[in-house]
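*Asks:* Next input, structure requested:
(chains A and B)
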Protein chains: 2
Amino acid sequence: MVMTTTQENRIYASAAEAVADIFSGAMVCVGGFGPVRNRAITLCQALADRTDVRDLTLVANSFPHQPLAENKLVKKFIGAFGGSVYRRAAASEEGIRSGEIEFEPSPQGILTERLRAGGGGIPAFFSPVGVHTVVADGKERRTIDGKEYILETALKPDFGLIRAEKADALGNLTGIGSTLNFHPAMAAASKVTIAEVDEIVPVGSIPPEEVKIPGIYVDRIVVRDPELNKAEEAAEIQRRARREVPKDVEKVGLSQDLMALRVANMLKPGQYVNLGMGIPTKVSNFIREDQGVFLHAENGILNYGPEPDEDEYRWYYYNAQGVPVTALPGAAIFDSLAAFTMARGGHLDVVVLGGLQVSAGGDLANWWAPYMAAGGMGGAMDLCTDVPELIVAMEHVTRDGEPKILNECDYPLTGKACVTKIVTDLAVIDVTPDGLVLRELAPGVTVDYVQERTEPQLLVAADVREMQF
Amino acid sequence: MVMTTTQENRIYASAAEAVADIFSGAMVCVGGFGPVRNRAITLCQALADRTDVRDLTLVANSFPHQPLAENKLVKKFIGAFGGSVYRRAAASEEGIRSGEIEFEPSPQGILTERLRAGGGGIPAFFSPVGVHTVVADGKERRTIDGKEYILETALKPDFGLIRAEKADALGNLTGIGSTLNFHPAMAAASKVTIAEVDEIVPVGSIPPEEVKIPGIYVDRIVVRDPELNKAEEAAEIQRRARREVPKDVEKVGLSQDLMALRVANMLKPGQYVNLGMGIPTKVSNFIREDQGVFLHAENGILNYGPEPDEDEYRWYYYNAQGVPVTALPGAAIFDSLAAFTMARGGHLDVVVLGGLQVSAGGDLANWWAPYMAAGGMGGAMDLCTDVPELIVAMEHVTRDGEPKILNECDYPLTGKACVTKIVTDLAVIDVTPDGLVLRELAPGVTVDYVQERTEPQLLVAADVREMQF
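*Replies:* Got it, this is the predicted structure:
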């Protein structure tokens, strides 16, 4: 904690003053997950304007603000996603492609865990995440109680740029909805934490129970510039409006919606379920209200419901894909650290992920392919670490008609021997110790048709049948 | 998560049913810190009534419920305190003394951290706490970035008995005041978590932001028996009433109150300060309202104030000594895990601890002496791990007149080379690289008088002076 002689010292008149001592070569972490409004854009822009600053190591879930790359402040980026989620071919991705920005991909949950460790005096811990992947390269391995782990080390950034709803002059911060994500762990980890807030409220107006980040972690407070965010937010709303369900090309097999429906029908009452990006995201549209399924998202919400109508829309309730959701009765919010504690600790019952490739032994590759610049595993590696049922929902073949179910994956792995079930546009296949068992066929699809498009030899279940919806 | 087919399955009609499958040899953790009302006594009593159960390993801050020891259910106790805090010579202490109950003392913060690790898939982590103490015995050591650490392993109890304010049928729990302490970490860690609550409320009546323990961790819910608690609570209130400031024996040197006042005057505006047990607890009575000092307590409250008047008393605001406090404007609450993240992470500015012995090199021994049965380091080891200023406030000599400031400590250490200042009834002494420097003398006390009662040779500051208040 930087010593504060009077409480008011923490409130800074401008973002420029608050970031004035960020130095070349510093490690800077930036919170946020999903909507731009959840990132400290006022602070990021003030930092990007500091064109005297060079060689920053930036730590964030995804690249937080393109001007930081455009103005060439960043030497290295440690993140779960190599590019901005929303802008393709942005400056950060160009930088990574050209080698100008070094990219260290990190599993999302382990990224928050490394930050929290840094904030809590823990220099290193053994992690079950990404043990059989590139994440383990060069790291110490150890088998504990028969299971393999790798040693992950703490992150202690020099500066943290975080976002919150309200602040008091003592630095206590509130958060609302599913917006906490990386912010609490980064506040604890950073030597100097700078918070961008909507509003400064009098000391005493925040009940102690509602403080989400205690002032002990917060050194400086800046009120956000709503004008600066407005342009970014409008662009985001436009992008969201364009994100309509794509018309399925006429083809044999299921539409993506029907695949999502098939998966939704597999979920049982009382199950805690995480839905990954791509087709899995659509599953939430097909879960019935009375189904009793609890959806979990990595940014920090449990028991969320479908996309809200226009009048029920609240920007601060969204899922890990940044898609607006409703908080169902009995919902709970928390941060990404807690979300991944649930995942790694084996508290989820089902995880549904997209896939680029699945092997006969249940290996999954879903975060990088040669046509991508940086890629990024997001939270997938964390999610597949300890879950009894991992369903992969994907097209059966690539756009070029190549099988995606292979004897062995070519692409870098997300997880080894973790997939239990594959749902494609053509079939439902179980991964069993004996091999891949074909259980269900899409309407009009034959066993031979599926086998021709699948590299490993399939076992055909005695009761193989047409999918029911 | 134990699969739940209907939501209502989590609500149990009786505590007896909820603990019916706890088996001999199981590991059972019990939350709570301070007041008996913060422990799941209804569940503990139902378990104690299961006289068919034997050989439990109990994990808790302090021994949670004497009938568990009286009825001989416990084989081993892992805790920060070896006995009940309130009842001396209770069955648990007798059991530890006789060797019938094995006692594994654990630093308080590391205990919560080991539980959280167990709940989050982390099998082991390097810890800076207790490195030079018995806590390190038999543990792997490693130097990282020039600092020594020991490897601590996760705890994964079979059952967790926790306490909360309200629950909904989905298992979402609320907490109020500084009552969270070990409960969230234990909920995450336990294979089966059983919560004892004041009240069950309809699903949807708890705003998502107010859920302190999400339902994903909670398997069973029982409403507390207020009659059962009543007797225990009354005893506690009686004990509190008896806890009056002891009349200082007529003697040379300062009263305990004056020692506390001297320490209080050393604290600077903006400092985050933790006060340990004994004389340090009294310091809070002498901090001025306008002093701008923020008090931190290990059970999970920041910015608490003095003991409240009768009409301001709320049972759920208390400090780590279990003493009722007020939540000052700008207070924040959290759990013990967060409280110790702050401590270990170097976020506190000053820690004030009591002492049994302090060495010339600044070693501290304050948790066990030969006249104690079990002792217990509480949070002291965690608190002295990474704090720039560690003040020990203690009597200068033992009741028998023996020096407590020694060349080397005889008793087991709490921390090595961690003390920066010693405040006694006779003097204020700085621990410096050159040795112990005598800075201030109590009124009427001479340099020689202090030196005669101090084993190491003291350096006398050029400006040594009488203490000012």
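
*Asks:* Which helix or which strand is home to A:Val445?
*Replies:* A:Val445 belongs to no helix or strand when assigned by DSSP states H and E.

*Asks:* Report the contact partners of it.
*Replies:* A:Val252, A:Gly253, A:Leu426, A:Ala427 (C-beta atoms under 8 Å, 6 or more residues apart in numbering or on different chains). In short, each C-beta sits where N, CA and C put it, glycine included.

*Asks:* Among those residues, which one lies nearest to chain B?
*Replies:* A:Ala427 (27.0 Å; C-beta to the nearest C-beta).

*Asks:* Burial check on that closest one, number of neighbours?
*Replies:* 27 (other C-beta atoms under 10 Å in any protein chain shown).

*Asks:* List the beta-bridge partners for it.
*Replies:* Going by DSSP bridges, A:Ala427 is paired in beta bridges with A:Leu441.

*Asks:* Kindly report the same for the one 4 residues further on.
*Replies:* Listed beta-bridge partners, A:Val431: A:Leu436 (assigned using DSSP bridges).

*Asks:* That one contacts A:Leu364, correct?
*Replies:* No. Under the criterion of C-beta atoms under 8 Å, A:Val431 makes no contact with A:Leu364, lying 10.0 Å away.

*Asks:* can I get the contacts of A:Val445 in JSON lines with pLDDT?
*Replies:* Listed next are the contacts of A:Val445 as JSON lines, based on pLDDT from 0 to 100:
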{"residue": "A:Val252", "pLDDT": "81"}
{"residue": "A:Gly253", "pLDDT": "90"}
{"residue": "A:Leu426", "pLDDT": "97"}
{"residue": "A:Ala427", "pLDDT": "98"}
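
*Asks:* Now the buried members of those.
*Replies:* Buried subset of the contacts of A:Val445 (neighbour count, 16 or more other C-beta atoms under 10 Å in any protein chain shown): A:Gly253, A:Leu426, A:Ala427.

*Asks:* Pick the one among those residues closest to B:Ala188.
*Replies:* B:Ala188 lies nearest to A:Ala427 out of these, by C-beta to C-beta, at 37.6 Å.

*Asks:* roughly how far apart are the closest one and B:Val131?
*Replies:* Counting by C-beta to C-beta, to the nearest Å, the gap from A:Ala427 to B:Val131 is 56 Å.

*Asks:* Kindly indicate whether A:Ala338 is helix, strand or coil.
*Replies:* With DSSP: H, G, I helix; E, B strand; the rest coil as the basis, A:Ala338 sits in helix.

*Asks:* again with the one 3 residues further on
*Replies:* Put simply, A:Thr341 is helix when judged by three-state DSSP.

*Asks:* List the contacts of the closest residue to it other than its chain neighbours.
*Replies:* Nearest residue to A:Thr341, sequence neighbours excluded (C-beta to C-beta, 6 or more residues apart in numbering or on different chains): B:Gly120, at 3.7 Å. By C-beta under 8 Å, 6+ apart, B:Gly120 lies in contact with A:Glu113, A:Phe340, A:Thr341, A:Met342, A:Arg344, A:Gly345, B:Ala188.

*Asks:* For these, pick the one with the most neighbours.
*Replies:* A:Glu113 leads these on contacts (other C-beta under 10 Å) with 30 neighbours.

*Asks:* which residues does it contact?
*Replies:* A:Phe125, A:Ser127, A:Glu152, A:Ala185, A:Leu337, A:Phe340, B:Gly120, B:Ile122.

*Asks:* ok, the last one touching A:Val129?
*Replies:* No. B:Ile122 sits out of contact with A:Val129 when judged by C-beta under 8 Å, with a separation of 9.8 Å.

*Asks:* Find the residues that touch each one of these two.
*Replies:* Common neighbours of B:Ile122 and A:Val129, using C-beta under 8 Å, 6+ apart, are A:Arg344.

*Asks:* Who has more neighbours out of these two?
*Replies:* A:Val129 (31 against 27).

*Asks:* Does that one touch A:Gly345 like I think?
*Replies:* No. Using C-beta under 8 Å, A:Val129 is not in contact with A:Gly345, being 11.9 Å away.

*Asks:* Next, show the common contact partners of these two.
*Replies:* Common neighbours of A:Val129 and A:Gly345 (C-beta under 8 Å, 6+ apart) do not exist.

*Asks:* The residue of the stretch 1-150 of chain A found nearest chain B is in what secondary structure piece?
*Replies:* Residue nearest to chain B within the stretch 1-150 of chain A: A:Gly121 (3.2 Å; C-beta to the nearest C-beta). If you go by DSSP H and E, A:Gly121 is not part of any helix or strand.

*Asks:* quick one, phi psi at the closest residue to it other than its chain neighbours?
*Replies:* Closest residue to A:Gly121 apart from its sequence neighbours, by C-beta to C-beta, 6+ apart: B:Arg344 at 3.2 Å. Main-chain torsions, B:Arg344, degrees, to the nearest 10: phi -60, psi -30.

*Asks:* Spit out the contact partners of B:Arg344.
*Replies:* Contacts here follow C-beta under 8 Å, 6+ apart; on that basis B:Arg344 touches A:Gly120, A:Gly121, A:Ile122, B:Gly109, B:Pro128, B:Val129, B:Asp382, B:Thr385, B:Asp386.

*Asks:* mind giving me CSV with the residues you listed and columns for pLDDT and distance to A:Phe294?
*Replies:* Putting the contacts of B:Arg344 into CSV (pLDDT from 0 to 100; distance: C-beta to C-beta, whole Å) gives the following:
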residue, pLDDT, distance to A:Phe294
A:Gly120, 95, 29
A:Gly121, 95, 34
A:Ile122, 97, 30
B:Gly109, 95, 31
B:Pro128, 96, 37
B:Val129, 96, 36
B:Asp382, 96, 35
B:Thr385, 94, 38
B:Asp386, 93, 39
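
*Asks:* quick one: the strands in the stretch 301-450 of chain A?
*Replies:* A:301-305, A:326-333, A:350-353, A:357-359, A:364-365, A:389-393, A:405-406, A:421-423, A:427-432, A:435-441 (DSSP state E, counting those that start in this stretch).

*Asks:* what's the angle between the first one and helix A:336-344?
*Replies:* Same thing as strand A:301-305. Counting by axes from the mean of the first three to the mean of the last three C-alpha atoms, to 10 degrees, strand A:301-305 points 80 degrees away from the direction of helix A:336-344.

*Asks:* Adjacent strands (with direction) for strand A:301-305?
*Replies:* Strand A:301-305 is paired, per DSSP bridges, with strand A:294-297 (antiparallel), strand A:326-333 (antiparallel).

*Asks:* what does the stretch 101-250 of chain A have sitting close to chain B?
*Replies:* With C-beta under 8 Å from any C-beta of the partner chain as the criterion, the stretch 101-250 of chain A comes near chain B at residues A:113, A:116-128, A:144-145, A:147, A:149, A:153, A:168-170, A:172, A:175-177, A:188, A:203-204, A:206, A:208-211, A:214-217.

*Asks:* which of those count as buried?
*Replies:* Among these, the ones that count as buried (16+ other C-beta under 10 Å) are A:113, A:116-128, A:149, A:153, A:168-170, A:172, A:175-177, A:188, A:203, A:206, A:208-211, A:214-217.

*Asks:* Keep only those of the residues you listed that are in strands.
*Replies:* In strands, judged by DSSP state E, the following of those are found: A:Ala124, A:Phe125, A:Phe126, A:Ser127, A:Tyr149, A:Thr153.

*Asks:* Okay, now the sheet partners of the helix or strand containing A:Cys29, with direction.
*Replies:* For A:Cys29, the element it lies in under DSSP H and E is strand A:27-30. When pairs are called by DSSP bridges, strand A:27-30 turns out to pair with strand A:56-60 (parallel), strand A:159-167 (parallel).
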